[in-house]
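Q: compute the structure for the input listed below.
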Amino acid sequence: MNYTYQYAGESYTILLEQQPDHTWSATINGQSYTASQAPQESGGWLLSIDNVTYTVYCAARDDQRFVQLGSQNFTLTAPSPAAQRRRLDSHAGDLAAQMPGQITSIAVNTGDIVERGQTLLVLEAMKMEIRIRAPQSGQIKRLLVQVGQVVERGQMLIEFEASSPEHLRHFD
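A: A predicted model of the protein is given here:
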């Protein structure tokens with residue numbers, strides 16, 4: 001799962017990946033952490049980050065997320081849909097989910113060279129199979145999802161780099 005939030009004028013990108021042992025790998029702006037969580041009867045969460053434990057409470061209103069981590073309070077702001085579209089447009093080769101759903105298969109690996117129209121992964125949404133295809137020839141820079149993962153609309157699925165024009169030229 002990939003999230004972006006604004007806090008104190010800075011942008012934070014958070015990548016969460018569940019591990020086989022039910023812990024989470026969390027990468028925040030390139031810094032990696034190991035985390036685990038357990039729900040509390042009070043409605044909060046017991047959150048352990050790199051073996052330091054916190055009690056966390058969260059609430060949301062519109063595009064704001066209110067987080068109380070121990071004795072500290074944070075207000076995070078999710079980018080507006082227009083800002084998300086601009087961010088997605090600036091990563092024209094990257095592929096995002098057009099609707100919420102579940103990843104049912106992945107046909108490529110990081111580093112693979114793909115052709116325009118090639119199926120990269122399949123997303124199941126509202127009982128439909130949606131094939132996510134390469135928009136042009138290029139290379140898979142990074143897979144951001146795994147089979148079985150539930151994704152949100154706009155969530156980045158694959159970092160994709162289009163082939164440069166020199167690679168697309170055909171010589172006779």
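Q: per the record, what domains does this protein have?
A: According to automatic domain parsing, the chain comprises the domains 2-77, 93-168.
Q: any chance of those in a markdown table, plus mean neighbour count and mean pLDDT?
A: The way it works is simple: take the backbone N, C-alpha and C, and place the C-beta from them, glycine included. A markdown table is the format used below for the domains of the chain (neighbours: other Cβ atoms under 10 Å; pLDDT from 0 to 100):
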| stretch | mean neighbour count | mean pLDDT |
| --- | --- | --- |
| domain 2-77 | 13 | 86 |
| domain 93-168 | 15 | 84 |
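Q: tell me the contacts of L143?
A: I106, V108, N109, T110, L157, I158 (Cβ atoms under 8 Å, 6 or more residues apart in numbering).
Q: any chance of those in JSON lines, plus secondary structure and distance to A38?
A: Output for the contacts of L143, formatted as JSON lines (DSSP: H, G, I helix; E, B strand; the rest coil; distance: Cβ to Cβ, whole Å):
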{"residue": "I106", "secondary structure": "strand", "distance to A38": "30"}
{"residue": "V108", "secondary structure": "coil", "distance to A38": "35"}
{"residue": "N109", "secondary structure": "coil", "distance to A38": "34"}
{"residue": "T110", "secondary structure": "coil", "distance to A38": "32"}
{"residue": "L157", "secondary structure": "strand", "distance to A38": "29"}
{"residue": "I158", "secondary structure": "strand", "distance to A38": "32"}
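Q: of the residues you listed, closest to P100?
A: L157 (12.2 Å; Cβ to Cβ).
Q: hmm, back to that, in JSON lines: the contacts of L143, plus distance to G138.
A: Formatted as JSON lines, those follow (distance: Cβ to Cβ, whole Å):
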{"residue": "I106", "distance to G138": "17"}
{"residue": "V108", "distance to G138": "11"}
{"residue": "N109", "distance to G138": "14"}
{"residue": "T110", "distance to G138": "13"}
{"residue": "L157", "distance to G138": "15"}
{"residue": "I158", "distance to G138": "10"}
